[in-house]
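# Here is a sequence together with a model predicted from it:
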Amino acid sequence: MKELNLQIDIRIYDEAELDAADRQLVAAACEATQRSYAPYSHFSVGAAARLADGTIVSGSNQENAAYPSGLCAERTTLFYANSRYPDQPIRTLAIAARNDRGEYLKAPIPPCGACRQVMLETESRHATPMRVLLYGTEGIYELQKVGDLLPLSFDATAME
Ligand code: THU
């Protein structure tokens, strides 16, 4: 028997410790929660991506009465960024969420599995690491690359 131990590195910041660019991106993700369409879950998620040229693109979760037809904030944002700016790598993606009482989550918002998979593909198509900032009022998690959110992941190399 062999054992494989995978390690992930997460840095935890107070908002005041972030640099101005990261604070701006987190603010854009928070602001995007205001444009969420979440009449069913009342859970409003926002995401903001900073592209290599400095452009910021943001998006929010968009729900539907046919529940599976809705889409998470992260994928709304990444699909838009990649369709509008296909040649621009995404340097950093910030994510924020508010609960059904309108309060930002205390703990950093963990992206769902499907969004992690799309984040991974976005990172690999541009062949450059995408930093991830997960906002919580009691701390902001910083991951240097998407692989840290999805260890042992499936990607195109598995099909070679
Ligand atoms: N949601 C996101 O937008 N991102 C996530 O990573 C987790 C979940 C949305 C989907 C749905 O509109 C609501 O939050 C409740 O699941």
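Now that the structure is in, tell me what you want to look at. Residues are numbered from 1 along each chain as shown.

# Contact residues of the protein facing the ligand?
38, 41, 43, 45, 61, 63, 70, 72-74, 111-112, 115 (C-beta under 6 Å from any ligand atom). All C-beta spots, glycine's among them, are computed from the backbone N, C-alpha and C.

# Let's see which of the residues you listed end up in helices.
A73, E74, C115 (DSSP state H).

# For the first one, which non-adjacent residue is closest in space?
Read that as A73. V45 (3.8 Å; C-beta to C-beta, 6 or more residues apart in numbering).

# how close does that neighbour sit to Y85?
21 Å (C-beta to C-beta, to the nearest Å).

# who's more crowded, the two?
Under the neighbour definition other C-beta atoms under 10 Å, V45 and Y85 were set side by side, and V45 has more, 28 against 16.

# what about stretch 116-131, distance to the chain center?
With C-alpha atoms, centre = their mean, to the nearest Å as the basis, stretch 116-131 stands 11 Å off its chain's centre.

# how about that stretch: buried residues?
116-124, 126, 129-131 (16 or more other C-beta atoms under 10 Å).

# What about the residue nearest to D53 when sequence neighbours are not counted, how many residues nearby?
Once flanking residues are discounted, D53 sits nearest to Q88: 5.8 Å by C-beta to C-beta, 6+ apart. Neighbourhood size, Q88 [other C-beta under 10 Å]: 18.

# try T77
T77 - counted by other C-beta under 10 Å - has 31 other residues nearby.

# Could you measure from it over to E17?
24 Å.

# Could you do H42 as well?
31 Å.

# what does P151 give?
For P151, the distance to E17 equals 26 Å [C-beta to C-beta].

# related to what we said a few turns ago, who does the residue nearest to A73 bridge with?
A97 (DSSP bridges).

# Looks like it contacts N61 (just checking).
Yes. V45 lies in contact with N61 (C-beta atoms under 8 Å); the separation is 4.5 Å.

# So which residues make contact with stretch 113-123?
72, 74-75, 78-79, 81-82, 90, 93, 111, 129-130, 132, 145-147, 149-150, 153-155 (C-beta atoms under 8 Å, 6 or more residues apart in numbering).
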